[in-house]
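# Sharing a model that was predicted from the sequence below.
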Amino acid sequence: MELIALILVPFVAGAASPFLAGLGVNAERWVTIAAFALTATIAIAIISTPPDGRWISLYRREWLPSLGIGLILALDGLSAALILVTAGLGFIATLVSWKQITARTGLFHLCICWLCAGAIGVFLAFDLLLFVFFWEAMLIPGFLIIALFGHGEREREQAGMKYLIFNATASFGLLAAVLALAATSDPITFDASSFAANPPSSLQQHWMLAGFLLALLVKLPALPLHAWLADAHTRAPTAGSILLAGVLLKTGSYGLFRFPPMLFPAATETFAPYGMALGAAGSLYGGILACGQSDAKRLVAYTSVAHMGLVLMGISAGTALSLAGAGVEMVAHALSGSGLFLLVGILEQRYGTRDLNMLGGAQRTMPKFAAAFSLFFAAALAMPGTANFVGEALIVVGVLKVNWFYALIAVLALVISVVYATRLAGGVLFGTPPETDRTRAGSAGQDVSDLHRHELWPLLLLAVATIVFGIMPHLLVDFIDTAVTVAGEKRSP
Amino acid sequence: MTATELVVLAPYAVLGLGAVLALLAAPIVPARVVAVMAAITIALMLGLAAARGTGAFGVSQPMVGGTAATLLADDPLAVFGLAFSGLVGLAALSFIDAQRGEAAVLLMLCVLGGAVLAAARHAASLFLGLEIASLSLVALFAFALNPRSEEAAYKYLISGGIASAATLLGIAYLFAATGGLALSDWRTESGTVKAVGMALLLSGLALRLALVPLHAWTPDAFEGASPGAIALSSALTKGVVALAILRISAEAVPGDGWSTGLSGLAALSILLGNLAALAQTRLDRMLGYSSIAHSGYLAMLLAAGGTIQTEAVIFYITAYSLAIIPAIGMLTVVGHDATLESIRSLLRRDRLGGAAMILALLSLAGLPVSAGFMAKVYLFAALADVGAWFRLALAIAGSAVGVIYCFRFMIAVIDRDQGPAAKVAASSLPLRLTFIATIGLTIALGLLPTGLVRIDGP
């Protein structure tokens, strides 16, 4: 029951926010914040109870018995970690947009809440049709955030359509694969745990895995299905980019982590080398493209491609170490990626540009901003002490056990990450600050305001989490251990 | 006439008598009164149908023997046909052209034809149901009496006439092959003559479903006819023709050629309907082409067979009607020539209508939490159930394209910044009720589809 509450709390808050927005006292913002705080509290309350075997908590009841569809929600360490990240990022996205989104706040908060509710549903669903249900439900608020609240009249709509076309097409592939899988069962069922006992034939597995991969790799995004990402990120408002990077991309890697090894063990075996190759290509390609960007937000968007490439590599390699690394990296990238998008959003708001050639000197004009930027810059290049280092180191070591060549490429990707991170930091922090209206007007001293509290608290939260998981990674690694073991042994609970 | 026959036939009789009474009253009483008469008649018919369905009259055995039992089936599917026709008729009544009372009379006849068609188990009742429904539609199409509506009516009349001729010829072939006119008489025969007859019969029904290549009347009808008539021609006739095909497949065992032909037409409709809808900027034409695509999905379901087919067809036509009716109803609010530009920021100008429109487009696109998503699940599940992988792939590709054009219109409705500032005409109370009912049912069926799907097949 409490698992349903995790989905319902943000859902209800979202449904209420258009009505609250009419009150005019920021009621919809406070309610959204309260809802995410409540969601996080419930999640913490659930995980503090002792786990019951495989799952920390399991909920099961009938939904559509004639079609064999059940309301099955299951929570283990990996889902719990990602749900906490989702609630936290929803909280942060609300704070960040406090000053940035002033029109149609009711609809905006509805989208934020429903996007997070959908993502939490994805992280919980253990009935495959329920998984697809949440997967597709998540699509709509994400599209609206980009297409209605983004930058540029025409461009935001185009970016939204691009996001939609990629993701909608792919998710129908997932739906078809799920239905094909269910058709092999008799009586028909969508309960994921029932398929592991009698998996479909090898040929069927390969086709069904192809359907799953289509949807999961688009969301991840893996080369060559990443083309929607850069535009969506660039055009989305800051809150949208945060949720896109921190939540939406994680649903792809989560699905990849959870379902293929369990449902299609044989086909996953076949896919593993290709998955590693795709991941390696993605991490190199994303990194190289990131180096060439002068738009700070686009640069950060391509680093997502690079980091998620590493995650794909780790999951495909399938060793215990690499899977644990992928799990840690998912959380770490959710934190550091959102942090960087938040900071770039602040830059754009202060200076009206994201062009690295124009920006500079932030360490003089905005010292607090510069401190935060340095931390997430360090996280992006996986400096020891940040959670990203733990994740990427584990992935490299895990991949090395399977294939030295891809491990080498992963290391190379880390080297490239130093190049783009340095370019980003150099362009933003050092040099001369760009002219703003106030400096042009001749006013002396502080010409842009440093972080204010709606920005400071979210950044502190992200920074603390990044460092805590960097210094004490065992907290996270132990927590997701069950999920890692199960995925590594390619078996069901 | 036995008591069972009375109970079974009462809903049809009430509709027919009500239509005659309303027709007599129409010249002397105001149009509004005729519309109320129609609403009362349909409500009475729905009540009688519900009483039959639940066995409230103390008659629970099915009707056997006698003329009525030869013509009309008496099973849950027939009761569903009555309820479906009645409810769609009521919804269409809320925005039919109410200048003249005769429109409401024609609507009642259309509902009667639909209900008969859904229950028909004999060539005579099949043909009569089809003709009652489509001839009243021809008159309704022309009702606005302007060149565009007359064009729509002529197209439907001429192509419908040819289709009726084909249907009759098909029935004649089937009679020649089997010597019987009841659907079940056709069951045992499997020769060429029967196959030809079935093909001709199918072509007549496919025109009403607007399957490619017999679809050409649809976009023009959507563009020219009055919204009430469009709603009847797209939601009501398509639904009941689908039910009739379901019954023919079960009782007459039309053979492999029938389902091959049906799925071929379906594939063409999905391709052409979706691709053409992608290019439209007028709301009515987009809906027209998307209705062709949806007929394609429906025909694919009808061709599939399998265990969950009946359930899937019933759910699909309900979900589709719940989506297309508010979308067409919106045409009376935003104007018949609404384009992508003129519906911009509709949500701001008309909260309820805008919300109904958004949900309708979501449902047409087949995304949660609308009934359209569950309809897609049923469609894909039925195709996967019989292992029709190629058709499944085609349905998926079509659905993906469908999302794109539906969302283009949806984003226009939600967008606030651009678009005309003018307020839209306030919608009437019945139309608002229709919007509220379709919103509620679309979400309810999207979350809990079980209420609808416990209906046994023919």
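That came through fine.

# What is the distance between stretch A:165-173 and the centre of its chain?
Using C-alpha atoms, centre = their mean, to the nearest Å, the distance from the centre of stretch A:165-173 to the centre of the chain it belongs to is 18 Å.

# I should have written stretch A:255-264 there, sorry.
18 Å.

# what's that stretch in contact with?
A:78, A:122, A:128, A:131, A:135, A:181, A:192, A:195-196, A:199-200, A:205-206, A:208-209, A:212-213, A:215-217, A:219-220, A:267-268, A:271, A:312, A:315, A:318, A:323, A:326-327, A:330, A:483, A:486-488, A:490-492 (C-beta atoms under 8 Å, 6 or more residues apart in numbering or on different chains). C-beta here means a position set from N, CA and C on the backbone, and glycine is covered the same way.

# A:Tyr351 touches A:Gly427, doesn't it?
No. The criterion here is C-beta atoms under 8 Å, and A:Tyr351 misses it with A:Gly427 at 12.0 Å.

# Now do the shared contacts for those two.
With C-beta under 8 Å, 6+ apart, A:Tyr351 and A:Gly427 have common neighbours A:Leu359.

# Narrow the contacts of stretch A:255-264 to just the buried residues.
Buried residues within the contacts of stretch A:255-264, defined by neighbour count using 16 or more other C-beta atoms under 10 Å in any protein chain shown: A:78, A:122, A:128, A:131, A:135, A:181, A:192, A:195-196, A:199-200, A:205-206, A:208-209, A:212-213, A:215-217, A:219-220, A:267-268, A:271, A:312, A:315, A:318, A:323, A:326-327, A:330, A:483, A:486-488, A:490, A:492.

# Where strands are concerned, which of those residues count?
Judged by DSSP state E, the buried ones among the contacts of stretch A:255-264 include no members of strands.

# what about the helix or strand hosting A:Leu335, distance to the chain center?
Using DSSP states H and E, A:Leu335 sits in helix A:320-351. Put simply, helix A:320-351 sits 8 Å off its chain's centre (C-alpha atoms, centre = their mean).

# tell me which residues in the next helix or strand after that helix are buried?
Counting by DSSP H and E, the next helix or strand C-terminal to helix A:320-351 is helix A:362-365. For helix A:362-365, burial by neighbour count (16+ other C-beta under 10 Å) applies to A:Ala362, A:Gln363, A:Thr365.

# Number of residues surrounding A:Leu38?
Using other C-beta atoms under 10 Å in any protein chain shown, A:Leu38 is surrounded by 16 other residues.

# residues touching it, list them.
Contacts of A:Leu38 by C-beta under 8 Å, 6+ apart are A:Val9.

# Spell out which helix or strand contains it, please.
helix A:27-47.

# Same check on A:Pro187?
Counting by DSSP H and E, A:Pro187 is part of no helix or strand.

# now the residue lying closest to it once chain neighbours are set aside: how far from A:Met262?
Leaving aside its chain neighbours, A:Pro187 sits nearest to A:Gly68 (6.3 Å; criterion: C-beta to C-beta, 6 or more residues apart in numbering or on different chains). From A:Gly68 over to A:Met262 the distance is 18 Å, taken as C-beta to C-beta, to the nearest Å.

# likewise B:Asn146?
62 Å.

# which of those two has more neighbours?
A:Met262 (21 against 11).

# my guess is A:Thr251 contacts A:Gly121, does it?
No. If you go by C-beta under 8 Å, A:Thr251 and A:Gly121 don't touch, sitting 9.7 Å apart.

# I'd like to know how many residues surround A:Arg453.
Neighbour tally, A:Arg453, other C-beta under 10 Å: 9.

# Report the closest residue of the stretch 251-400 of chain A relative to chain B.
Across the stretch 251-400 of chain A, the shortest distance to chain B (C-beta to the nearest C-beta) belongs to A:Thr251, at 14.8 Å.

# Number of residues surrounding that residue?
Counted with other C-beta under 10 Å, A:Thr251 comes out at 25.

# Can you classify residue 59 by secondary structure?
Chain wasn't specified; assuming chain A. Secondary structure state of A:Tyr59, per DSSP: H, G, I helix; E, B strand; the rest coil, is strand.

# think we crossed wires, I meant chain B
B:Val59 - assigned by three-state DSSP - is coil.

# Against chain A, how distant is it?
Distance of B:Val59 to chain A, computed by C-beta to the nearest C-beta, to the nearest Å: 28 Å.

# now that residue, nearest residue through space, not along the chain?
B:Val7 (4.7 Å).

# is it true that that neighbour touches B:Arg52?
Yes. At 5.8 Å, B:Val7 counts as touching B:Arg52 under the criterion of C-beta under 8 Å.

# quick one, what contacts residue 180?
This is for chain A. A:Gln204, A:Trp207, A:Met208, A:Gly211, B:Ala384, B:Trp389, B:Leu392.

# that's the wrong chain, I meant chain B
Contacts of B:Gly180 by C-beta under 8 Å, 6+ apart are B:Trp186.

# Where does A:Glu62 sit: helix, strand or coil?
Going by three-state DSSP: A:Glu62 is strand.

# Same check on A:Ala74?
strand.

# Hmm, it is touching A:Trp55, no?
Yes. The pair A:Ala74 / A:Trp55 is scored as a contact, 5.0 Å apart, by C-beta under 8 Å.

# Who has more neighbours out of those two?
A:Ala74 (22 against 18).

# in the sheet, who's paired with that one?
A:Leu58 (DSSP bridges).

# For B:Leu271, see how far away the residue of the stretch 151-300 of chain B found nearest chain A is.
Nearest to chain A, among the residues of the stretch 151-300 of chain B, is B:Leu278, at 11.1 Å (C-beta to the nearest C-beta). To B:Leu271, B:Leu278 is 11 Å away according to C-beta to C-beta.

# and what of A:Ala378?
53 Å.

# cool, and B:Leu265?
From B:Leu265 to B:Leu271 the distance is 11 Å (C-beta to C-beta).

# B:Leu429 now?
Using C-beta to C-beta, B:Leu429 is found at 41 Å from B:Leu271.

# what's the answer for B:Val386, then?
21 Å.

# if we can go back for a sec, now, which of the buried ones among the contacts of stretch A:255-264 lie within helices?
A:78, A:122, A:128, A:131, A:135, A:181, A:192, A:195-196, A:205-206, A:208-209, A:212-213, A:215-217, A:219, A:267-268, A:271, A:312, A:315, A:323, A:326-327, A:330, A:483, A:486-488 (DSSP state H).

# one step back: pLDDT and distance to A:Cys291 added to the contacts of A:Ala180, as CSV?
What follows is these, written out as CSV (pLDDT from 0 to 100; distance: C-beta to C-beta, whole Å):
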residue, pLDDT, distance to A:Cys291
A:Gln204, 88, 43
A:Trp207, 90, 38
A:Met208, 91, 38
A:Gly211, 91, 35
B:Ala384, 86, 45
B:Trp389, 86, 43
B:Leu392, 90, 43
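
# Only whichever of those residues are buried, select them in PyMOL.
Selection of the buried residues among those in PyMOL, burial being defined by 16+ other C-beta under 10 Å:
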select buried, (chain A and resi 204+207+208+211) or (chain B and resi 384+392)
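
# nearest to A:Ile288, of the contacts of A:Ala180?
A:Gly211 (30.6 Å; C-beta to C-beta).

# Assess the claim that the closest one and A:Ala177 are in contact.
Yes. Applying C-beta under 8 Å, one finds A:Gly211 in contact with A:Ala177, separated by 2.6 Å.

# just to revisit the earlier point, next, the buried residues of the helix holding A:Leu38.
Here helix A:27-47 shows A:27-29, A:31-33, A:35-36, A:38-40, A:42-43, A:46-47 as buried, counting by 16+ other C-beta under 10 Å.

# before we move on, what about stretch A:449-463?
Buried, per 16+ other C-beta under 10 Å, within stretch A:449-463: A:Asp450, A:Leu451, A:Glu455, A:Pro458, A:Leu459, A:Leu461, A:Leu462, A:Ala463.

# For the last one, give me the pLDDT.
What that stands for is A:Ala463. Note for A:Ala463: predicted pLDDT of 93.

# Ok, the third one next?
Per-residue pLDDT puts A:Glu455 at 86.

# how far out from the middle of the chain is the strand or helix carrying it?
For A:Glu455, the element it lies in under DSSP H and E is helix A:453-471. Relative to the centre of its chain, helix A:453-471 is centred 17 Å away, using C-alpha atoms, centre = their mean.
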